[in-house]
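Chemist: Just a sequence and a predicted model for now, questions to come.
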Amino acid sequence: MTKNSRLRKRVPRGASFCCLIVFVGQSYAPLLEYETKEVGRALSVAPFVSAAWGYEDDMKRTCLDFFAGSGLVSKALSPLFRTIWANDISEEKYRTFAANHPPEVFRLGSVEDVRGEDVPIADLSWGSFPCQDLSLAGKTEGLAGARSGLFRQWVRVMAEMPELPPVAVAENVVGLVSLDGGKHYVDVHKTLTGMGYRVGAVVLDAERWVPQSRKRVFVVAVRSGVDLSGLSADGPDWCHPSAIRHVANLCENWIWWKLPEPSPRRLRLEDVIDFDAPCDSESKTEKLFALLSPRHRPIVETAMRKGERRAFPGYRRTREHHQMLEIREDGIAGCLRTPRGGSSRQLLLLTDHGKLRSRLLMAQETAALMGAPDFRLPGTYNEAYMAMGDGVAVPVASWLARHLLRPLADRVGGLL
Ligand SMILES: C[S@@+](CC[C@H](N)C(=O)[O-])C[C@H]1O[C@@H](n2cnc3c(N)ncnc32)[C@H](O)[C@@H]1O
């Protein structure tokens, strides 16, 4: 059995009743707690009768997935929200979406061509708009840029709909709050409050759930007039780092969203890496090892000497005209990015039984690092890497959905 099939087996699809009870107890305690509090006794048994996990379809709230990409957001929300409409311009991403979700909800094409009256009314609108103009690695034109500026298309479509979605989430890189003194976030905030929403933002790092460093901003908006007791607080908390506190000071009608802190992560990097997969030739591994800095080399050598099974993920970089291989030694993969040129693909140095090997991170490993080890990746290696590098980590969006978005949607719509 390969490591990936082992990973897939951990997902309790079609589990027996007993396994389901253990599973629900371990993983869905927050969901049960939420149901008990928010939905009442009748629904607290929902996970026991569910075919997979979460609610049966007719108990789910509905969701629009803008900039849906390969569909990681739809996957993350699926236990609590059913995606009834999704849009993206990329044909490759559509193919991945269709391999994982009902394809008929997907509208392939530019969001610029979407008319609000053609979009079904829904409880939640999610917009993971492009990050290139907000990413520190890219041009930083912010919302004035052609790609990140598509945020305005998202709000245009929502405003054109016969009914504004009562809950909305905009997701992007941390540059949204940190660049240019926070002015891009202020723009987003003003736009959404101007539409009648109450708004606040949180930063969540995927590292808390999966062994990948991936900080993202989630701007959560809810229709004014909804009771927010228990879901908001008077001040900042663990999910409000300094950049968020800074922009909060610049914004009117800021909401400090309240989220429970996840328990410490149990999944280790070595759990998602297939140590049996084919690796590079010895000469290639030697060349890569030679690119390590004097600081990193002894760390790898020590792991080999001790016979440790370790994975050291890294990127090749050019520093002062020299190629280097910069690895992480903290058991966490660097942020997956969209591959443009060889340097964006993450490499692995693997030590096991005193031996050193190397290879690129495999496509299914990128999915596991996004918290979706069973996600189907039908395209080429690059397409898969692109889809995952662009995506939202599944357990992060699930956490937000479970603890904030679904309770908000229920309060808007009244109890089920
Ligand atoms: C950050 S990614 C979204 C990732 C996705 N939510 C997920 O979790 O997999 C941004 C997406 O915007 C899409 N996009 C770029 N320009 C677009 C346009 N004009 N209309 C619709 N989608 C567009 C890209 O193809 C990309 O999939």
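Modeler: Structure received.

Chemist: where do the strands sit along the stretch 1-150 of the chain?
Modeler: With DSSP state E, counting those that start in this stretch as the definition, the stretch 1-150 of the chain shows strands at residue ranges 61-66, 81-88, 106-108, 124-127.

Chemist: Are there helices or strands packed against the longest one, and which ones?
Modeler: Here strand 81-88 is seen to pack against strand 61-66, helix 72-77, helix 91-100, strand 106-108 when contacts are counted using 3 or more CB pairs under 8 Å, 6 or more residues apart in numbering; DSSP states H and E. All C-beta spots, glycine's among them, are computed from the backbone N, C-alpha and C.

Chemist: try the first one
Modeler: Using 3+ CB pairs under 8 Å, 6+ apart as the contact criterion, the secondary-structure elements in contact with strand 61-66 are helix 72-77, strand 81-88, strand 124-127, helix 406-413.

Chemist: does Glu261 sit in a helix or strand, and which one?
Modeler: Secondary structure from DSSP states H and E places Glu261 outside every helix and strand.

Chemist: okay, the helices and strands packed on strand 61-66 in JSON lines with mean pLDDT next?
Modeler: Converted to JSON lines, these look like this (pLDDT from 0 to 100):
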{"stretch": "helix 72-77", "mean pLDDT": "98"}
{"stretch": "strand 81-88", "mean pLDDT": "98"}
{"stretch": "strand 124-127", "mean pLDDT": "98"}
{"stretch": "helix 406-413", "mean pLDDT": "92"}
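
Chemist: Tell me which of these approaches the ligand most closely.
Modeler: Among these, helix 72-77 comes nearest to the ligand, with 3.5 Å by CB to the nearest ligand atom.

Chemist: Of the helices and strands packed on strand 61-66, which is nearest Pro262?
Modeler: Closest approach to Pro262 among those is made by helix 72-77 (14.1 Å; CB to CB).

Chemist: Other residues contacting the closest one?
Modeler: With CB atoms under 8 Å, 6 or more residues apart in numbering as the test, helix 72-77 has contacts from 63, 65, 68, 83, 86, 97, 100-101, 124, 126, 128, 171, 370-372, 375, 387-388, 391-398, 401, 405.

Chemist: close to the ligand, is that helix?
Modeler: Yes. Helix 72-77 comes into contact with the ligand (CB under 6 Å from any ligand atom), by way of 72-73.

Chemist: how far is that helix from where the chain is centred?
Modeler: Put simply, helix 72-77 sits 8 Å off its chain's centre (CA atoms, centre = their mean, to the nearest Å).

Chemist: Stretch 148-164 too?
Modeler: The chain centre lies 22 Å from the centre of stretch 148-164; the measure is CA atoms, centre = their mean.

Chemist: near the ligand at all, that stretch?
Modeler: Yes. If you take CB under 6 Å from any ligand atom as the test, stretch 148-164 does meet the ligand, through Leu150.

Chemist: For that stretch, C-alpha coordinates in PDB please.
Modeler: Provided in PDB are the C-alpha atoms of stretch 148-164 (Å, rounded to 0.1, in the frame of the first residue of the first chain):
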ATOM      1  CA  SER A 148      -6.600  41.400  -7.900                       C
ATOM      2  CA  GLY A 149      -8.900  44.200  -9.200                       C
ATOM      3  CA  LEU A 150     -11.300  41.400 -10.100                       C
ATOM      4  CA  PHE A 151     -12.500  41.800  -6.500                       C
ATOM      5  CA  ARG A 152     -14.700  44.600  -8.000                       C
ATOM      6  CA  GLN A 153     -16.200  42.100 -10.400                       C
ATOM      7  CA  TRP A 154     -17.100  39.800  -7.500                       C
ATOM      8  CA  VAL A 155     -19.000  42.600  -5.700                       C
ATOM      9  CA  ARG A 156     -20.500  43.900  -8.900                       C
ATOM     10  CA  VAL A 157     -22.100  40.500  -9.600                       C
ATOM     11  CA  MET A 158     -23.300  40.200  -6.000                       C
ATOM     12  CA  ALA A 159     -24.900  43.700  -6.200                       C
ATOM     13  CA  GLU A 160     -26.600  42.800  -9.400                       C
ATOM     14  CA  MET A 161     -28.200  39.700  -7.900                       C
ATOM     15  CA  PRO A 162     -31.900  40.000  -7.000                       C
ATOM     16  CA  GLU A 163     -30.900  39.200  -3.300                       C
ATOM     17  CA  LEU A 164     -27.500  40.000  -1.900                       C
END
